[in-house]
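quick one: sequence plus predicted model below, questions after.
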Amino acid sequence: MHLTNKFGVPEAIVIKIKADIDSDPYNKKDDIRRHFRTTELIGPPLIQTLQIKHDDIIEQDAIAYLAVQYGTQFHKLCEGFDNETYCYEQKVHKVVIYNGIEYVIDGTIDEIFFDGGCNIVTDNKTILLRNLPYPKPEYEKQLNVYAHMLRGEFASDIPMKLQIRYFIKDWTPGDLPKALERQKDDFAVMLTGNKKAKKSCATQEEAVQYIARELSPALQARASVKQRDKSYMRAQIRKDIPESSILHKPVALESAEAMNAFLQERLRDHIDTPERPCTEEERFSNDARCKYYCAARSVCLYAKSKGY
Ligand code: SF4
């Protein structure tokens, strides 16, 4: 893999990025078994296939690693010293047999807190405020794979709870008051028989125009504009905007049987269809993965055809 620097990242940072790439803790070249990082296994097979096949010519730019470095620094911020109740950066592995061949899945659990009767397993992530409302099924799956590995290696009979700890990169203490101010005059387009607003508008005029422009005559007959009271809006906003830059979201724990089936299904996808084109869902909204995150973009025909 060639590290490029097309966007003028300072040399001192590029040197650090190179050193981090060279010290990849998941590099298992001395093991003949095929290894998957948890994130690789959950992701589409084409990315890893292209990375293995074109390792000598693949290009990645230092700018893409800056976001990764940001995440790494948040992990370091959360990492304390292991003691009786807390364990940090715990490496976990699981050997899974598929079609008679052994594969190894590797992962690192950011934090395990033993609260006396239960292990609370935490995965640290960074996020932008505007992305918080969207579900993150891949994060939840990743955490469940870690829990499954933990279950197998260390603590099969200790109950577990899972959570994602988000660091909201663009949160400031002023966000909540500003949001309340913005939402002061909130007008909702309501349809008779429905409790949820069809559309929220900043002004009454905007709501009226929306009804005339966007709704069919049948829906127009059921539509009305309602100004929502401030206490309702405050409750809605408080639900969406966290009161600090750190937010914990609980994740449902999946059973051992479900996770065994999931690992078999993911291995089948990677081993039997390594060159399967990525689906629209895997490319993320508007090909965001292809444009901004994919490590195989420089050698991917789809990405090239789109000019990413
Ligand atoms: S660039 Fe997009 S389509 Fe190509 S491997 Fe990456 S995610 Fe898949």
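Arrived safely. Residues are numbered from 1 along each chain as shown.

who touches stretch 158-174?
70, 74, 77-78, 110-111, 114, 117-129, 132, 136, 139-140, 143-144, 147, 150-151, 242, 244-253 (CB atoms under 8 Å, 6 or more residues apart in numbering). The C-beta positions use only the backbone N, C-alpha and C, and glycine is treated the same way.

now do stretch 142-150
Residues contacting stretch 142-150 (CB under 8 Å, 6+ apart): 38-39, 41-42, 90, 92-94, 105, 107, 109, 112, 119, 121, 123, 160, 162, 164, 251, 253-254, 256, 259-260, 262-263.

isn't Gln51 right up against Ile58?
Yes. With contact defined as CB atoms under 8 Å, Gln51 reaches Ile58; the gap is 6.3 Å.

what residues do those two have in common as contacts?
By CB under 8 Å, 6+ apart, the residues touching both Gln51 and Ile58 are 1, 295-296.

how much space between Cys78 and Glu206?
43 Å (CB to CB, to the nearest Å).

list buried residues within the shared contacts of Gln51 and Ile58.
295-296 (16 or more other CB atoms under 10 Å).

dump the shared contacts of Gln51 and Ile58 to TSV, plus distance to Lys16.
Output for the shared contacts of Gln51 and Ile58, formatted as TSV (distance: CB to CB, whole Å):
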residue	distance to Lys16
Met1	16
Ala295	18
Ala296	23
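
mind checking what helix or strand follows the helix or strand harbouring Thr108 in sequence?
Per DSSP states H and E: Thr108 is located in strand 101-114. Following strand 101-114 in sequence order, the next helix or strand is strand 119-127 (DSSP H and E).

sheet-wise, list the partners of that following strand with their directions.
The strands that strand 119-127 pairs with in its sheet are strand 101-114 (antiparallel), strand 160-168 (parallel) (by DSSP bridges).

of those, which is nearest the ligand?
strand 101-114 (20.6 Å; CB to the nearest ligand atom).

among the contacts of stretch 158-174, which ones are buried?
In the contacts of stretch 158-174, the ones that pass as buried (16+ other CB under 10 Å) are 74, 78, 110-111, 119-127, 129, 132, 136, 139-140, 143-144, 147, 150-151, 242, 245, 247, 251, 253.

the stretch 151-300 of the chain: helices as residue ranges?
According to DSSP state H, counting those that start in this stretch, the stretch 151-300 of the chain carries its helices in the segments 175-182, 204-214, 217-220, 230-240, 256-272, 288.

tell me which residues touch Thr273, please.
Going by CB under 8 Å, 6+ apart, Thr273 touches Pro45.

so where does the closest residue to Asn260 other than its chain neighbours fall, helix or strand?
Leaving aside its chain neighbours, Asn260 sits nearest to His148 (7.8 Å; criterion: CB to CB, 6 or more residues apart in numbering). Here His148 sits within helix 137-153, counting by DSSP H and E.
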